[in-house]
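Trainee: 3D model of this:
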Amino acid sequence: MKNFIVPIFIPNISCPTRCVFCDQGLITSERPRIPTPQEIRNVLTRAVNSKKYRRENENQVAFYGGSFTGLTEMRIKLLLAAVKDFLEKGLFKSIRVSTRPDLLDDEKLELMRSCGVKFVELGAQSMDDKVLRATNRGHRVIDTINGFWTLRDKGFLVGIQLMPGLPMETESSFRETIKKTVELKPDSVRLYPTVVIQGTELARMYRQGLFKPLDLDEAIERCAWAVNELERAGIPVIRIGLMSSSALMEKGLVVAGPWHPSFGQMVRSRSFLRRIAGSLSGSVRGKRVALTVHAND
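Mentor: Model (predicted):
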């Protein structure tokens with residue numbers, strides 16, 4: 001059964017800090033405002049009437065872009081109420097949201113669970129406190145760990161979002177981030193390699209020589225290694241790289257960094273190559289080898 005996720009973007013809403021890398025308005029092509037309940041219903045109606053929609057699929061509504069649990073309780077009720085009829089009619093099975101690990105309020109979590117939220121994605125970004133300080137995240141690694149177990153204890157499925165290539169990150173610290181993530185055993189991981197977006201603090205740092213992003217090949221190699229480690233541990237990697245948008249495709253908005261519209265496919269190819277090389281290492285030297293790949297791959 002396939003997942004069909006319909007995203008509703010709430011850019012920069014309720015985030016208590018502005019991370020050095022962030023300009024959600026540009027990343028999502030959305031104005032930084034909360035959509036109205038009617039706008040949400042319109043988006044979901046169009047999705048239900050689209051060719052991709054199948055009622056038998058695991059159809060899900062996702063609130064992305066901001067810190068959902070940082071919204072007021074009244075705002076959360078309004079947003080979730082806009083989805084209620086679609087859930088009751090069986091058109092969508094559940095809701096997922098993204099948020100910060102340090103903004104988890106018990107009352108809001110209970111409200112979310114009662115209104116159909118089943119999956120919470122935590123914006124961990126890194127499991128290195130030096131990196132979190134350098135990016136002005138405003139939370140620590142321990143907040144991510146505690147937040148993860150708070151959500152698990154309340155019955156939510158939990159995903160982790162990571163950003164390879166942030167300021168102060170080294171290859172070894174990224175490997176430690178993946179190790180700590182594997183230890184948590186989240187239900188999914190997203191990998192968003194750090195790109196420099198026009199108008200962000202990171203763009204200023206880059207222009208002043210205070211930050212050097214990963215080049216494309218470095219990012220592919222780092223993410224391919226991470227994919228293999230995570231999936232070997234049974235953790236699905238559900239997204240690799242920023243989703244392409246009209247804004248990101250405009251000239252000059254991505255200042256630097258490993259941005260490519262097919263980044264995820266490039267990482268999957270490198271990951272596959274790593275697995276093949278590991279399987280054949282030393283056993284076929286001097287021999288001709290034929291590899292058969294399934295058409296779906």
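Trainee: can you map out the strands along the stretch 51-200 of the chain?
Mentor: Remark: strands assigned in the stretch 51-200 of the chain by DSSP state E, counting those that start in this stretch are 58-64, 94-99, 117-125, 157-162, 188-191, 196-197.
Trainee: Minimum distance to residue 178: which of the ones you listed has it?
Mentor: strand 157-162 (7.9 Å; CB to CB). Bear in mind the C-beta positions are built from the backbone N, C-alpha and C, glycine included.
Trainee: so that closest one versus strand 94-99, what angle?
Mentor: Counting by axes from the mean of the first three to the mean of the last three CA atoms, to 10 degrees, strand 157-162 lies at 40 degrees to strand 94-99.
Trainee: what angle do strand 157-162 and strand 117-125 make?
Mentor: Using the same axes, to 10 degrees, one finds that strand 157-162 and strand 117-125 are set 20 degrees apart in direction.
Trainee: could I get strand 157-162 in CSV with only the CA atoms?
Mentor: What follows is strand 157-162, C-alpha atoms only, in CSV (Å, rounded to 0.1, in the frame of the first residue of the first chain):
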residue,chain,number,x,y,z
LEU,A,157,5.3,7.6,15.2
VAL,A,158,8.4,9.8,15.2
GLY,A,159,10.6,10.9,12.3
ILE,A,160,13.9,12.7,12.4
GLN,A,161,15.1,15.5,10.0
LEU,A,162,18.8,16.0,9.6
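Trainee: Listing partners with orientation, what would you give for that strand?
Mentor: strand 117-125 (parallel), strand 188-191 (parallel) (DSSP bridges).
Trainee: Burial-wise, tell me which of those strands comes out on top.
Mentor: Per-stretch averages of neighbours, counted by mean count of other CB atoms under 10 Å, single out strand 117-125 among the strands paired with strand 157-162, with a mean of 24.
Trainee: between that strand and strand 58-64, what angle do the directions make?
Mentor: Using the same axes, to 10 degrees: strand 117-125 against strand 58-64 is 40 degrees.
Trainee: how about residue 6, what does it touch?
Mentor: Residues in contact with residue 6, defined by CB atoms under 8 Å, 6 or more residues apart in numbering, are 43, 44, 47, 59, 60, 61, 62, 92.
Trainee: just residue 119 next, same as before
Mentor: 60, 94, 95, 96, 97, 156, 157, 158, 159, 187 are the contacts of residue 119 under CB under 8 Å, 6+ apart.
Trainee: okay if I get those residues as TSV plus distance to residue 195 and neighbour count?
Mentor: Below are these laid out as TSV (distance: CB to CB, whole Å; neighbours: other CB atoms under 10 Å):
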residue	distance to residue 195	neighbour count
60	27	18
94	31	16
95	28	25
96	24	23
97	24	25
156	29	21
157	28	16
158	26	21
159	21	24
187	26	16
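Trainee: show me where this structure has helices.
Mentor: 24-28, 37-48, 73-88, 106-114, 129-134, 141-153, 171-184, 201-207, 216-232, 246-249, 263-280 (DSSP state H).
Trainee: With mean pLDDT, distance to residue 5 and mean neighbour count as added columns, please give those helices in TSV.
Mentor: Conversion of the helices of the chain to TSV gives the following (pLDDT from 0 to 100; distance: least, CB to CB, whole Å; neighbours: other CB atoms under 10 Å):
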stretch	mean pLDDT	distance to residue 5	mean neighbour count
helix 24-28	51	15	20
helix 37-48	97	10	15
helix 73-88	96	13	16
helix 106-114	97	17	15
helix 129-134	97	28	17
helix 141-153	98	19	17
helix 171-184	98	21	17
helix 201-207	95	28	18
helix 216-232	98	20	19
helix 246-249	63	19	14
helix 263-280	89	15	15
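Trainee: just so I know, which of those lies nearest residue 4?
Mentor: Closest approach to residue 4 among the helices of the chain (CB to CB): helix 37-48, 7.9 Å.
Trainee: for that closest one, packing partners?
Mentor: On a contact count with 3 or more CB pairs under 8 Å, 6 or more residues apart in numbering; DSSP states H and E, helix 37-48 meets strand 3-9, helix 73-88.
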